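J.: Here is my input, please return the structure:
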Amino acid sequence: MNDMAAAVDRELLRANLERARNELIEAVRVIPASEWQRPSSDTAWTIGELFEHIVQSLEIAPREVASVRVGRGFINVPQWLFDWGNMLVIKINARRASAESIVRRFEAAHRLVIALLNSINEEEWALKAAFYGRGERTMREVFTLHTEHTFEHLEQIRASTK
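T.: Below is the predicted model:
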């Protein structure tokens, strides 16, 4: 990969992270707390649990980046066990989440992820590590999947609150 491709990639990743941030903050702003206990239309989670899941996923991103940098897997347990544990943690944490805490935590995680994005060297983009018992991801995929993940769940939230 040449310097131009890396710069363009980084700018696209940054723009997508910013868009995800803006869309999450807007969704939290417009959906009243009274709706947060509403079940989502196509997941086993409530609206509030989906917000918690989005935030918690971004908070884990620095550990994912660190894992890729050293080529060591991250939370490689059977998928059913990871999914069960993730569901349990999200449901428990969502009980005490508020619009303010979701935005505050997302903003903090977002700032850290942007700093990490800025710190990636060109040769690190192709590094890989195994994740969540689901196979390998490159450094580029770690950043890309977080924005895709946020957009996917924001769409589920919007569909559930129409």
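J.: Could you point out which residue ranges in this protein have low pLDDT?
T.: Regions of the chain meeting the criterion pLDDT under 70 cover residues 1-8, 76.
J.: can you pull the contacts of the nearest residue to A130 once chain neighbours are set aside?
T.: Spatial nearest neighbour of A130, chain neighbours left out: G73 (3.8 Å); criterion: CB to CB, 6 or more residues apart in numbering. In this view, the C-beta of every residue, glycine as well, is placed from N, C-alpha and C. Residues in contact with G73 (CB atoms under 8 Å, 6 or more residues apart in numbering) are S67, A129, A130, F131.
J.: now do P78
T.: P78 makes contact with G133, according to CB under 8 Å, 6+ apart.
J.: Mind checking what helix or strand follows the longest helix along the chain in sequence?
T.: Looking across the chain with DSSP state H, the single longest helix is helix 3-30. For helix 3-30, the following helix or strand on the C-terminal side (DSSP states H and E) is helix 47-70.
J.: Stretch 107-118: which residues count as buried?
T.: Neighbour-count burial for stretch 107-118, counted by 16 or more other CB atoms under 10 Å, picks out A109, H110, V113, L116, L117.
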